[in-house]
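Enquirer: Need coordinates for the following:
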Amino acid sequence: MPPSGKPIAALIQKCTAITSLREARRLHSLLLTTTTVGSRSVYMYNNVLSMYARCGSVGDARKVFDEMPQRSVVSFNALAAGYSRSAETAGLALGLLKQLGGECLRPNASTFSSAVQASCALEDWLFGSMVHAQVVKCGFLSDLCVQTVLLGMYSNCGDLDSARRVFGGIVDKDVVAWNSMIFGYLKHDKAKEGLHLFDGMLRIGVIPTQFTYSMVLNVCSRLRCFYLGKIIHAGVIVSSTEADLALGNSLLHMYCNSGDTQAAFSVFNETDSPDLVSWNTMIAGYSENGDGEKAMGLFSRLKRLSHLKPDEYTFAAIISAASAYLASDYGKLLHAQVTKAGLEKSVFVGTALVSMYFKNSETDNAKRAFYSISEKDVVLWTEVIMGYSRLADGESAIKLFKEMCKEDCMFDSFGLSGALGTCSDIAMLKQGEMIHSQALKTGFDVEMSVWESCGYVCKKWFP
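Expert: Numbering: from 1, shown residues only. Presented below is the predicted three-dimensional model:
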């Protein structure tokens with residue numbers, strides 16, 4: 001005999017608290033075995049559907065949705081909310097909006113919020129603006145949740161004028177709205193406007209979140225506004241904001257970029273469970289600031305951890321740190337570890353290896369490392385050209401430059417400069433003319449490094 005209404009209601013209520021998929025499936029099975037088909041209400045189905053969506057299993061949520069004998073707008077909203085969280089399934093959320101109309105149900109604020117969120121995930125400005133028009137038509141534009149997701153969608157899609165209009169229309173702006181607008185400016189290279197908005201946010205007393213601080217610190221690092229970054233760090237401390245992993249990594253990156261590895265290491269030590277990004281940032285910070293010994297020490301500590309393994313960025317950073325020493329001392333051992341880890345074809349690791357071997361004048365090893373990379377980028381090509389150029393091997397540098405051109409790799413001013421710098425010998429006059437014409441064609445003739453190389457070559461040819 002099925003249990004009475006009270007135990008069933010208690011089981012349904014449990015759906016709202018479960019976040020484990022295993023527990024969700026167990027509870028769903030219990031509900032199915034303790035109820036009859038006719039006694040299962042839309043309310044019960046909606047709670048099970050929401051539970052699966054919250055646990056991240058949109059497949060299970062969809063099965064429940066399809067099995068429902070009758071659906072309400074809440075059913076559509078719950079599934080659409082689950083779909084809209086990922087770009088992979090966001091398109092299905094937009095399809096639900098059409099199906100909703102087909103079942104003669106009226107969308108509400110939650111429906112539109114999920115549709116706009118899906119447009120944001122897909123960066124589909126056109127559909128998002130069409131949903132915006134429907135929001136206005138149905139009278140939901142004053143809803144704070146709808147306004148916030150519209151602001152996020154326009155910011156993410158780069159329509160900052162529309163984002164500003166939505167932002168201006170929000171009467172009681174919460175920190176989420178401020179973050180969305182600041183994020184839009186920073187994502188689309190409007191750093192000055194983003195920082196100005198952050199200042200305005202502080203002036204009216206809105207308390208920044210960890211995400212706010214993380215965003216602004218990243219832009220301080222990018223613009224090399226380290227003084228402002230340190231002031232913001234002081235603000236984090238004064239406001240007693242607990243630094244989460246993302247904020248801690250932003251602080252790490254800012255201090256490493258500023259050259260203050262001591263402050264960076266203090267932040268690193270205060271991080272509860274540093275992830276691989278934290279370790280890589282700190283190792284790269286030591287490497288870039290000429291403290292190879294500390295970089296090697298930190299790398300050794302990382303290697304002793306069981307839950308984290310060095311990746312291509314770790315090896316690229318530590319090989320760069322080892323470049324200050326003889327390759328036979330550290331570099332070749334690291335190269336062997338790279339091969340053991342299966343990362344020898346990484347372009348990041350390959351670039352670091354090529355640079356290290358050239359610094360040690362080991363051109364054969366540099367050449368082998370270079371040709372082992374199947375997909376070469378402009379940085380790797382430039383590194384090998386500059387390597388030969390520094391060793392005054394003009395013939396090899398020109399040969400590599402020609403190979404790069406044949407592979408249609410878009411070279412930069414550094415690659416041109418390196419190739420031109422090798423043409424100071426009168427015997428290579430024609431080669432220099434050819435490279436100079438490439439500089440003129442691509443517009444790199446105005447770059448200072450190319451001008452200096454051209455000037456150096458001319459002095460050699462026409463003293």
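
Enquirer: Now do the strands in the stretch 251-400 of the chain.
Expert: Counting by DSSP state E, counting those that start in this stretch, the stretch 251-400 of the chain has no strands to list.

Enquirer: remind me which residues of it are low pLDDT?
Expert: Applying pLDDT under 70 to the stretch 251-400 of the chain flags residues 326-328.

Enquirer: Next, please give the residue ranges for the helices of it.
Expert: Here the stretch 251-400 of the chain has its helices, by DSSP state H, counting those that start in this stretch, at 261-270, 276-288, 292-303, 312-322, 332-340, 347-359, 363-371, 378-390, 394-406.

Enquirer: so what does the third one touch, helix or strand wise?
Expert: Helices and strands touching helix 292-303, as assessed by 3 or more CB pairs under 8 Å, 6 or more residues apart in numbering; DSSP states H and E, comprise helix 276-288, helix 312-322. For every residue, glycine as well, the C-beta is placed using N, CA and C.

Enquirer: Grab the nearest non-local neighbour of T271.
Expert: Of all residues not flanking T271 in the chain, G248 sits nearest, at 4.5 Å (CB to CB, 6 or more residues apart in numbering).

Enquirer: Could you report the neighbour count for the one you found?
Expert: 24 (other CB atoms under 10 Å).

Enquirer: Okay, and it sits in which element?
Expert: With elements taken from DSSP states H and E, the one containing G248 is helix 245-258.

Enquirer: nearest to F140, of the helices of the stretch 251-400 of the chain?
Expert: F140 sits nearest to helix 276-288 of all the helices of the stretch 251-400 of the chain, at 39.3 Å, using CB to CB.

Enquirer: Specify the angle between the closest one and helix 312-322 in degrees.
Expert: Note on geometry: by axes from the mean of the first three to the mean of the last three CA atoms, to 10 degrees, helix 276-288 and helix 312-322 are set 20 degrees apart in direction.

Enquirer: can you list contacts of helix 276-288?
Expert: Here helix 276-288 makes contact (CB atoms under 8 Å, 6 or more residues apart in numbering) with 245, 248-249, 252-253, 255-257, 261, 264-265, 268, 271, 292, 294-295, 298-299, 302, 308-311, 313-314, 317-318, 320-321.

Enquirer: May I have it as PDB, with CA atoms only?
Expert: Only the C-alpha atoms of helix 276-288 are listed here, as PDB (Å, rounded to 0.1, in the frame of the first residue of the first chain):
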ATOM      1  CA  LEU A 276      48.400  24.100 -10.700                       C
ATOM      2  CA  VAL A 277      47.800  27.600 -12.000                       C
ATOM      3  CA  SER A 278      49.100  28.900  -8.700                       C
ATOM      4  CA  TRP A 279      52.200  26.800  -8.800                       C
ATOM      5  CA  ASN A 280      52.800  27.600 -12.500                       C
ATOM      6  CA  THR A 281      52.400  31.400 -11.900                       C
ATOM      7  CA  MET A 282      54.900  31.300  -8.900                       C
ATOM      8  CA  ILE A 283      57.500  29.200 -10.800                       C
ATOM      9  CA  ALA A 284      57.100  31.500 -13.900                       C
ATOM     10  CA  GLY A 285      57.400  34.500 -11.600                       C
ATOM     11  CA  TYR A 286      60.700  33.300 -10.200                       C
ATOM     12  CA  SER A 287      61.900  32.300 -13.700                       C
ATOM     13  CA  GLU A 288      61.100  35.700 -15.300                       C
END
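
Enquirer: Pull out the buried residues from stretch 322-334.
Expert: Going by neighbour count (16 or more other CB atoms under 10 Å), the buried part of stretch 322-334 is A322, S323, Y325, A327, Y330, G331, K332, L334.

Enquirer: For the fifth one, list the residues it contacts.
Expert: Y330 sits next to M296, A322 when contact means CB under 8 Å, 6+ apart.

Enquirer: Show the pLDDT at the nearest residue to E242 once chain neighbours are set aside.
Expert: Of all residues not flanking E242 in the chain, Q210 sits nearest, at 7.5 Å (CB to CB, 6+ apart). Note on Q210: pLDDT of 95.

Enquirer: Q210 touches S240, doesn't it?
Expert: No: at 11.9 Å, Q210 does not count as touching S240 under the criterion of CB atoms under 8 Å.

Enquirer: related to what we said a few turns ago, the residue nearest to T271 and A264 touch, don't they?
Expert: No: assessed by CB under 8 Å, G248 is found out of contact with A264, at 10.5 Å.

Enquirer: before we move on, the earlier item: need the winner for burial among the helices and strands packed on helix 292-303.
Expert: helix 312-322 (a mean of 25; mean count of other CB atoms under 10 Å).

Enquirer: and the closest residue to N257 other than its chain neighbours, what element?
Expert: The shortest distance from N257 to any non-neighbouring residue, by CB to CB, 6+ apart, is to S221 (4.8 Å). Assigned by DSSP H and E, S221 belongs to helix 210-223.

Enquirer: following that helix, which helix or strand comes up?
Expert: Counting by DSSP H and E, what follows helix 210-223 is helix 226-238.

Enquirer: what is the rounded mean pLDDT of that following helix?
Expert: Per-residue pLDDT values across helix 226-238 average out to 94.

Enquirer: Next, the buried residues of that helix.
Expert: F226, L228, G229, K230, I232, H233, V236.

Enquirer: just to revisit the earlier point, what angle do the helix holding S221 and helix 245-258 make?
Expert: Using the same axes, to 10 degrees: helix 210-223 against helix 245-258 is 20 degrees.

Enquirer: Can you mark which positions in helix 210-223 are buried?
Expert: Buried residues in helix 210-223, counted by 16+ other CB under 10 Å: Q210, F211, T212, Y213, S214, M215, V216, L217, N218, V219, C220, S221.

Enquirer: Okay, angle between it and helix 226-238 too, please.
Expert: Counting by the same axes, to 10 degrees, helix 210-223 lies at 160 degrees to helix 226-238.

Enquirer: And helix 210-223, what does it pack against?
Expert: Helix 210-223 sits against helix 175-187, helix 191-203, helix 226-238, helix 245-258, with contacts defined as 3+ CB pairs under 8 Å, 6+ apart.

Enquirer: And for the last one, what's in contact with it?
Expert: With CB under 8 Å, 6+ apart as the test, helix 245-258 has contacts from 210-211, 213-214, 217-218, 220-221, 224, 226, 229, 233, 236, 241, 243, 261, 263-264, 267-268, 270-271, 273-275, 277-278, 281-282, 284-285, 288-289.

Enquirer: returning to what we had before: which residues are common contacts for G248 and A264?
Expert: With contacts defined as CB under 8 Å, 6+ apart, no residue is shared by G248 and A264.

Enquirer: circling back to that earlier point, what would the helices and strands packed on helix 292-303 look like in CSV with distance to V73?
Expert: Below are the helices and strands packed on helix 292-303 laid out as CSV (distance: least, CB to CB, whole Å):
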stretch, distance to V73
helix 276-288, 41
helix 312-322, 47
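
Enquirer: Nearest to the spatial middle of the chain, which residue is it?
Expert: Among the residues of the chain, the one closest to the centroid is K187, at 10.9 Å (CA atoms, centre = their mean).

Enquirer: Please give me every residue in contact with that one.
Expert: S155, N156, G158.

Enquirer: can you pull the contacts of I170?
Expert: The neighbourhood of I170, defined by CB under 8 Å, 6+ apart, consists of L144, Q147, T148, L151, A177.
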